[in-house]
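When you get a sec, could you give me coordinates for this:
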Amino acid sequence: EAKGKRRNPLHDFRKTGELMLIKVNKTLEVKTKLLNTTEQCAKRCSRNKGLSFTCKAFAYDRVTKRCHWLSFNSLTNGVRKKQDHAFDLYEKKDYVRNCIIGKGADYKGTISVTRSGIQCQAWNSMIPHEH
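The predicted structure is shown next:
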């Protein structure tokens, strides 16, 4: 990276325009605040700054400039998608990606079977293979 250049915090998120997530499950958490840019929202979500939960996504209301940090994403049970022209949805790539990068130590996705359909070995198990 170039000197003095900061990494764009939005790089860690997948954007879906004109979409908002609605929680059906009441235990899922949301926090909102007025912020001027999506970059500020992304930075707070990545650092979980001021949040009582792990931020997995955020929705930015372009009209009111309000950020909605979410403890869930579009793959979470108890959530439905809603088309909304005022919002852009940003989901952390680590939680929505369907592939493992590198050795997979940071993988947080939902895929738990191999390409051939075999159930993956749990990270805390040494059976049938050692890590």
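
and the next element down the chain from the helix or strand where Gly17 lies?
Using DSSP states H and E, Gly17 falls within strand 13-23. Per DSSP H and E, the first helix or strand lying C-terminal to strand 13-23 is strand 30-34.

Between strand 13-23 and that next one, find me the angle.
120 degrees (axes from the mean of the first three to the mean of the last three C-alpha atoms, to 10 degrees).

Would you mind putting the CA coordinates of the helix or strand just after strand 30-34 into PDB?
As assigned by DSSP H and E, the chain's next helix or strand after strand 30-34 is helix 38-47. Extracted in PDB, the C-alpha atoms of helix 38-47 (Å, rounded to 0.1, in the frame of the first residue of the first chain):
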ATOM      1  CA  THR A  38     -20.800   4.600   4.300                       C
ATOM      2  CA  GLU A  39     -17.100   4.500   5.100                       C
ATOM      3  CA  GLN A  40     -17.800   5.700   8.600                       C
ATOM      4  CA  CYS A  41     -20.500   3.000   9.000                       C
ATOM      5  CA  ALA A  42     -18.100   0.300   7.700                       C
ATOM      6  CA  LYS A  43     -15.300   1.300  10.000                       C
ATOM      7  CA  ARG A  44     -17.600   1.100  13.000                       C
ATOM      8  CA  CYS A  45     -19.000  -2.200  11.900                       C
ATOM      9  CA  SER A  46     -15.500  -3.700  11.300                       C
ATOM     10  CA  ARG A  47     -14.300  -2.600  14.700                       C
END
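
Pull out the buried residues from helix 38-47.
By neighbour count on 16 or more other C-beta atoms under 10 Å, the buried set for helix 38-47 is Thr38, Cys41, Ala42, Lys43, Arg44, Cys45, Ser46. Using the backbone N, CA and C atoms, a C-beta is placed for each residue, glycine as well.
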